[in-house]
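Asks: Only the shape, not the letters, is given here:
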């Protein structure tokens, strides 16, 4: 089991189809992968909660439930006090999940049905719903999830917290709030977006012996940014370096009444190492800028000055950050269009994203930083 997380993220359909292909290529049976998943989950609960003796495992009707039955079998064999609650009649299980249930029964296990059990336990294992969920959870599952969230003990979710969309990171009606989640084969992108981190808890990964081949053959849908894989982005500076060698940044925004946003943008740029920073903003903001942060340079532009003056003003910068306090006025739109025309590396934030949603275009040297509302407008979902 890996101590740190890989950087490649995938959609659930990529993981579902890819694991079958890679397993077939490697000659690994799918039930073997289920057994490995159960073993990895059981190892995780032993390592994280070594004092746990009484375990309640909630199993669904698919392969996620099958993983849970493998955990239950291993726990019985290890001498734990195990209670299993089945959300679906085990007689309806099929395929690998059915095999896992039969192995659990052969080990002396018994699954309870009916209302979710109200028992004192040291640990609860969530194996209700896997990564294939794409619609709101049913009332029965929602009731079970509510009961799990009300349990005072730690919760280990298998593959993904039940009720969480593993593609988008949104809650599909109701979701388990896990203490930790162990996920398999490859990391799902929705575990790192939206509200997912409020539900996944600590994320543990196990590639089940096929991740290296999976990653080599399946292109990721996104990349996880962690401290140890963005260090190459930090500039390497000579001891003799001075500000004139460290780039020129123009921060554009701060129409009348919203100057604070662009001042904060400029201050952040200075603190993160930009060499020369100038704020292109409304003229009324100048006194506040100089009083607050005299290291910042200032520019202003009036619409009557025309596009040629704006182009000349913008040509000073190597990089542009645009949007904080920009507004949606005619002045704002001219600055937005002028910045786009420069075709330099650019960060778009705040009202620049709202203008982009109104006037869509795309360049390869941009970074977009939307909050959920801005992202919804960019994706035509608002």
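Replies: Looks like it arrived, so ask away. For clarity, every value in this text was computed on a predicted model and none was experimentally measured. Residues are numbered from 1 along each chain as shown.
Asks: For the longest helix along the chain, buried residues please.
Replies: As assigned by DSSP state H, the longest helix anywhere in the chain is helix 30-48. Using 16 or more other CB atoms under 10 Å as the test for burial, helix 30-48 gives 30-31, 33-45, 48. All C-beta spots, glycine's among them, are computed from the backbone N, C-alpha and C.
Asks: Against which helices or strands is it packed?
Replies: In this structure, helix 30-48 makes packing contacts with helix 12-26, helix 63-77, helix 95-106, strand 123-127, strand 155-158, strand 180-184, strand 202-206, judged by 3 or more CB pairs under 8 Å, 6 or more residues apart in numbering; DSSP states H and E.
Asks: so which of these comes closest to residue 298?
Replies: Among the helices and strands packed on helix 30-48, the nearest to residue 298 by CB to CB is strand 202-206 (44.6 Å).
Asks: Tell me the strands beside the closest one, with direction?
Replies: As defined by DSSP bridges, the strand partners of strand 202-206 come to strand 180-184 (parallel).
Asks: and the angle from the strand it pairs with to helix 30-48?
Replies: Between strand 180-184 and helix 30-48, the angle comes out at 150 degrees (axes from the mean of the first three to the mean of the last three CA atoms, to 10 degrees).
Asks: if we can go back for a sec, contacts for the longest helix of the chain next, please.
Replies: Here helix 30-48 makes contact (CB atoms under 8 Å, 6 or more residues apart in numbering) with 1, 19-20, 23, 52, 55, 63, 66-71, 73-75, 78, 96-97, 99-100, 123, 125, 154, 156, 158-159, 180, 182, 184-185, 204, 206, 208-210.
Asks: Can you give me the buried ones in stretch 173-188?
Replies: Quick answer for stretch 173-188 (16+ other CB under 10 Å): 174-188.
Asks: Which of those residues sits closest to residue 88?
Replies: Nearest to residue 88 among the buried residues of stretch 173-188: residue 176, at 16.8 Å, using CB to CB.
Asks: Now do the contacts for that closest one.
Replies: Here residue 176 is in contact with 126, 128, 145, 148-149, 155, 157, 161-164, 199 (criterion: CB under 8 Å, 6+ apart).
Asks: can you do 6 Å?
Replies: Residues near residue 176 by CB atoms under 6 Å, 6 or more residues apart in numbering: 126, 145, 148, 157, 161-162.
Asks: and what of residue 270?
Replies: Residue 270 makes contacts with 277, 295, as judged by CB under 6 Å, 6+ apart.
Asks: Quick one: classify it as helix, strand or coil.
Replies: Three-state call for residue 270 (DSSP: H, G, I helix; E, B strand; the rest coil): helix.
Asks: now it: how far from residue 354?
Replies: Remark: distance between residue 270 and residue 354 (CB to CB, to the nearest Å) = 26 Å.
Asks: Domain ranges for the chain, per the record?
Replies: Domain assignment for the chain by automatic domain parsing gives 8-224, 244-378.
Asks: contact partners of the lowest-mean-pLDDT helix or strand in the chain?
Replies: One helix or strand of the chain scores below all others by mean pLDDT, DSSP states H and E: helix 372-378, with a mean of 91. In this structure, residues lying in contact with helix 372-378 by CB under 6 Å, 6+ apart are 353, 357, 382.
Asks: How about the spatially most central residue of the chain, nearest residue that isn't a chain neighbour?
Replies: Among the residues of the chain, the one closest to the centroid is residue 192, at 1.5 Å (CA atoms, centre = their mean). Excluding the flanking residues, the one nearest residue 192 by CB to CB, 6 or more residues apart in numbering is residue 224, at 6.0 Å.
Asks: wait, isn't that neighbour in contact with residue 6?
Replies: No - applying CB atoms under 6 Å, one finds residue 224 not in contact with residue 6, separated by 7.4 Å.
Asks: who has more neighbours, those two?
Replies: For residue 224 versus residue 6, the count of surrounding residues by other CB atoms under 10 Å is larger for residue 6: 19 against 15.
Asks: Wait, a helix at that one?
Replies: No - counting by three-state DSSP, residue 6 is not part of a helix but coil.
Asks: Look up how far residue 302 lies from it.
Replies: In this view, residue 6 and residue 302 are 52 Å apart by CB to CB.
Asks: tell me the phi and psi of the residue nearest to residue 192?
Replies: Note on residue 224: backbone dihedrals following degrees, to the nearest 10 are phi -80, psi 120.
Asks: separation between it and residue 213?
Replies: The value you get for residue 224 to residue 213, if CB to CB is used, is 20 Å.
Asks: for residue 236, same thing?
Replies: Distance from residue 236 to residue 213, counting by CB to CB: 35 Å.
Asks: Out of the contacts of helix 30-48, which end up buried?
Replies: Buried members of the contacts of helix 30-48, counted by 16+ other CB under 10 Å: 19, 23, 52, 55, 63, 66-71, 73-75, 96-97, 99-100, 123, 125, 154, 156, 158-159, 180, 182, 184-185, 204, 206, 208, 210.
Asks: In contact with residue 215, which residues?
Replies: Listed by CB under 6 Å, 6+ apart, the contact partners of residue 215 are residue 8.
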